[in-house]
Structures are given as structure tokens and as C-alpha cells.
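Asks: heads up, no residue letters with this:
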């Protein structure tokens, strides 16, 4: 019975992580298709209706793309509630009971926060700060969902010490900074979700260069850590770092190509998916390791 319960928990937690990532992707599709105001009111889609209506002024396609993103939030919410129920049942005798329950509860609160932020985004006509906050909250919720999976399933963590233990968490912090700067780049460029949406007003080339500089820093640090882990025969870490390096290189390549191709929607979409993959893998890698540096502040 316990094995079966853990199997169900593992599947549900993996589904929660997937849905958190999917919300970023569907949110990006709203922005890239210019559907940010497809449902121009909140919490209703249009005045007097919670769903799109025929012959809506914003267009049926834009309305349903935006509404689809809202619907996914509801699916995500119910999944998180199910996770909370399982977390409270499974963790009753766990040593880390309070942490498991806190992480599970924060998923529900975070998703409710997403709903509020979504409303603010619509009511402020897609202000870039609210859009950026929407994305960053998803990033933290992905981290929390991955952390919850490791805590609830009691997955084994490999210890890292010394120079590796000191340097590795820096990769996580730099990755988080890259994502935050990426929201500034997005908020300064095209694809705002609506042609009349406000922009940050920063020079796009300047903020893009800053974004790229931090990417290069993470690449260099990853290569250094890969060399050190190989020298110290930390094969479990080397494998993870090699995969992470490949993901970073792919994401960096997409970033450079999209910039020099004037940000075509399809490449921007792939870059958004890539950012989710980079963060998800980085945080999953962090949770699989036990470092002296406290990563819990982010989770």
C-alpha cells in the first residue's frame, strides 16, 4: 500500500511540475500571438461572461488563447490541492513533515497569487512589470514543486563539499539572475501581448548584452565545475553538468539566432521553453545534491 501511495504521489508531483512549466509556455503563447487582452476584463472574460462570447471585438482566436491560459490555471490549482491532501497524509510521520506541508501549501497560495497577478496584468493593460512578475512567480513555483517532489518522495541526495560545494550554488543564483534580466529584455522588446501595451523603455541592445554576459558567466562556471568534478571523480555530478551544459549551449544558440533575426515569434517561443528547461534542470540538479550552501531560501 505504501509503495502504491508513493507511486501515485510521484506521478502527481511530476504532473504538478509539468503544469507549472506549461503555464509559462501557454502564457508565452498569449503574449506572442498578441492575445494578452483577448479577455479584456477580469475575473470575467468580457463584461457579463466568464467565457469568450461569439463575435467578440478582440477576436475569437485571441479570446480563446487567453481564456485557455486561464483554464490551465484552474487545472493547476486542483492538481496543487490534490498534492496538499497527499502531502498531509503521507508526511504524518515524516521527520521533515513541516517542510513538506509548507511546500505543498505554498503551491496553492502561489497559484492563487498567479490568478491575482493575471488580473493585475489585464487591468494594467499588460504592464511589463506585472508580466515579468507573473513569469518569475512561475519560476519560484517550479522550484517549489521540484523541492516538494524530493522532500515528499525522500529521494537520495549526493553530498558535495569543498570548492565544488561552494561554487555550485552560484550557478543557481546566476541562472535566476539571468531569468530576471530576461524579463527586462522581454519587457523592453516587441511581443508585448498587445500592440498598445506599455514597454519598460530600456535600450534593447544594452539589456540583451547584459543578459548574454550573465549567460556566458554561467557557461564558464559550468565548464570549470565540470573540470573539477571530473578531476575529483565525482561522476554523478559530471553527468548532470554535461547535460546542463548542453541545455545552456542550445538555449544560448537560440538566443543569439533570435536576436539577429529580429525576434521571430517561433524562435522566441523556443527560447521561452528553453528558459523553463534550463531552470527546471538546474533546480532539479541542485535538489539532488547536498551542499553546505543553503539553497532553501529559494524553495
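Replies: The structure has been received and is ready for your questions. Worth saying up front: this structure is predicted, and the values here are computed from it rather than measured. Numbering: from 1, shown residues only.

Asks: Please make it C-alpha for all contacts and neighbour counts, starting now.
Replies: Fine.

Asks: hey, where'd the helices end up in this protein?
Replies: In the chain, the helices defined using DSSP state H lie at 2-32, 60-90, 97-123, 128-153, 162-188, 204-231, 235-260, 265-287.

Asks: among these, which is nearest residue 54?
Replies: helix 60-90 (7.2 Å; CA to CA).

Asks: Include mean neighbour count and mean pLDDT when you put the helices of the chain into JSON lines, please.
Replies: Below are the helices of the chain laid out as JSON lines (neighbours: other CA atoms under 10 Å; pLDDT from 0 to 100):
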{"stretch": "helix 2-32", "mean neighbour count": "18", "mean pLDDT": "85"}
{"stretch": "helix 60-90", "mean neighbour count": "19", "mean pLDDT": "92"}
{"stretch": "helix 97-123", "mean neighbour count": "19", "mean pLDDT": "93"}
{"stretch": "helix 128-153", "mean neighbour count": "22", "mean pLDDT": "94"}
{"stretch": "helix 162-188", "mean neighbour count": "18", "mean pLDDT": "93"}
{"stretch": "helix 204-231", "mean neighbour count": "17", "mean pLDDT": "95"}
{"stretch": "helix 235-260", "mean neighbour count": "16", "mean pLDDT": "94"}
{"stretch": "helix 265-287", "mean neighbour count": "20", "mean pLDDT": "94"}
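
Asks: can those helices go into a markdown table with extra columns for distance to residue 46?
Replies: Formatted as a markdown table, those follow (distance: least, CA to CA, whole Å):
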| stretch | distance to residue 46 |
| --- | --- |
| helix 2-32 | 17 |
| helix 60-90 | 9 |
| helix 97-123 | 12 |
| helix 128-153 | 20 |
| helix 162-188 | 26 |
| helix 204-231 | 34 |
| helix 235-260 | 35 |
| helix 265-287 | 27 |
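
Asks: Nearest to residue 51, out of those helices?
Replies: Closest among the helices of the chain, using CA to CA: helix 60-90, at 7.1 Å.

Asks: what about that closest one, distance to the chain center?
Replies: Offset of helix 60-90 from its chain centre (CA atoms, centre = their mean, to the nearest Å): 15 Å.

Asks: what angle separates that helix from helix 97-123?
Replies: 170 degrees (axes from the mean of the first three to the mean of the last three CA atoms, to 10 degrees).

Asks: by how many degrees do helix 60-90 and helix 2-32 diverge?
Replies: Between helix 60-90 and helix 2-32, the angle comes out at 160 degrees (the same axes, to 10 degrees).

Asks: quick check: angle from helix 60-90 to helix 128-153?
Replies: 30 degrees.

Asks: Check which helices and strands helix 60-90 sits against.
Replies: Contact here means 3 or more CA pairs under 8 Å, 6 or more residues apart in numbering; DSSP states H and E; on that basis helix 60-90 packs against helix 2-32, helix 97-123.

Asks: if we can go back for a sec, so which of the helices of the chain comes closest to residue 45?
Replies: Across those, closest to residue 45 is helix 60-90 (CA to CA), at 7.2 Å.

Asks: need the helices and strands packed on helix 60-90 in CSV with distance to residue 43, can you?
Replies: Output for these, formatted as CSV (distance: least, CA to CA, whole Å):
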stretch, distance to residue 43
helix 2-32, 17
helix 97-123, 7
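
Asks: mind checking which of the ones you listed is nearest residue 139?
Replies: Residue 139 lies closest to helix 2-32 among those, at 8.2 Å (CA to CA).

Asks: Hmm, residue 159 is touching residue 290, no?
Replies: Yes - between residue 159 and residue 290 there is a contact under CA atoms under 8 Å: 4.4 Å.

Asks: Looking at the two, which has the bigger crowd around it?
Replies: residue 290 (16 against 12; other CA atoms under 10 Å).

Asks: my guess is that one meets residue 157, correct?
Replies: Yes - under the criterion of CA under 8 Å, residue 290 makes contact with residue 157 at 5.8 Å.

Asks: so who does residue 218 touch?
Replies: Contacts of residue 218 were listed using CA atoms under 8 Å, 6 or more residues apart in numbering, and they are 171, 174, 175.

Asks: With residue 93 as the reference, measure out to the last one.
Replies: Distance of residue 175 to residue 93, computed by CA to CA, to the nearest Å: 35 Å.

Asks: repeat for the first one
Replies: Taking CA to CA as the measure, residue 171 falls 34 Å from residue 93.

Asks: give me phi/psi at the residue of the chain positioned farthest from its centre?
Replies: Farthest-out residue of the chain from its mean C-alpha position, per CA atoms, centre = their mean: residue 55, at 34.4 Å. Dihedral angles of residue 55 (phi, psi; degrees, to the nearest 10) stand at phi 60, psi 30.
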